[in-house]
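> Turn this into a model:
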Amino acid sequence: MALLDFGLLWYDNDRNCPLTGKVERAARRYQAKFGRWPNLCYVAQDCVGEETEWQGVRIVGALNVLPNHFWVGVARGGGPEPQAAPRAHERAPVGKG
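Now for the predicted structure:
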């Protein structure tokens, strides 16, 4: 399972914005905060049918991500397709700021 080295939890419930628009907002905030474009975004399982990619960001449905939440960051390693976002004890500490 790919894990995130750094992550940002983003909430976006704008009904007029498509999924990719919400991922873009989360990715831009991540880049502004950490100075690097993310490559992985976990979303609620029912938000995305199959794993997809948008501007270099893999969008993966996860059972443990709530609707309208986006866990975005940089994947560490690689390996098989992630089935769920990393749990709190598996996450690297998020930088302050």
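> Give me the pLDDT value at the most centrally placed residue in the chain.
By Cα atoms, centre = their mean, the mean C-alpha position of the chain lies nearest to residue 41, the distance being 2.1 Å. pLDDT, residue 41: 95.
> Pairing partners for the helix or strand hosting it, with directions?
Following DSSP states H and E, one finds residue 41 within strand 40-44. Strand pairing for strand 40-44, determined by DSSP bridges: strand 57-62 (parallel), strand 69-76 (antiparallel).
> Which one of those strands lies nearest to residue 14?
With respect to residue 14, and counting by Cβ to Cβ, the nearest of the strands paired with strand 40-44 is strand 69-76 at 11.8 Å. Any C-beta I mention is one placed from the backbone N, CA and C, and that applies to glycine too.
> rewinding a little: wait, what's in contact with the closest residue to the residue nearest to the centre of the chain other than its chain neighbours?
Nearest residue to residue 41, sequence neighbours excluded (Cβ to Cβ, 6 or more residues apart in numbering): residue 72, at 4.4 Å. The contact partners of residue 72, taken as Cβ atoms under 8 Å, 6 or more residues apart in numbering, are 7-8, 10, 23, 26-27, 30, 38, 40-42, 57.
> for residue 13, same thing?
The contact partners of residue 13, by Cβ under 8 Å, 6+ apart, come to residue 68.
> how far away is the residue nearest to residue 41 from residue 53?
13 Å (Cβ to Cβ, to the nearest Å).
> And the residue located most distally from the centre of the chain, which helix or strand is it part of?
The outermost residue of the chain, judged against the average C-alpha position, is residue 16 (20.0 Å), by Cα atoms, centre = their mean. Assessed by DSSP H and E, residue 16 sits outside every helix and strand.
> Following the chain past the one helix or strand in the chain whose mean pLDDT sits lowest, name the next helix or strand.
Across the helices and strands of the chain, mean confidence by mean pLDDT, DSSP states H and E is lowest for strand 3-11: a mean of 83. For strand 3-11, the following helix or strand on the C-terminal side (DSSP H and E) is helix 19-34.
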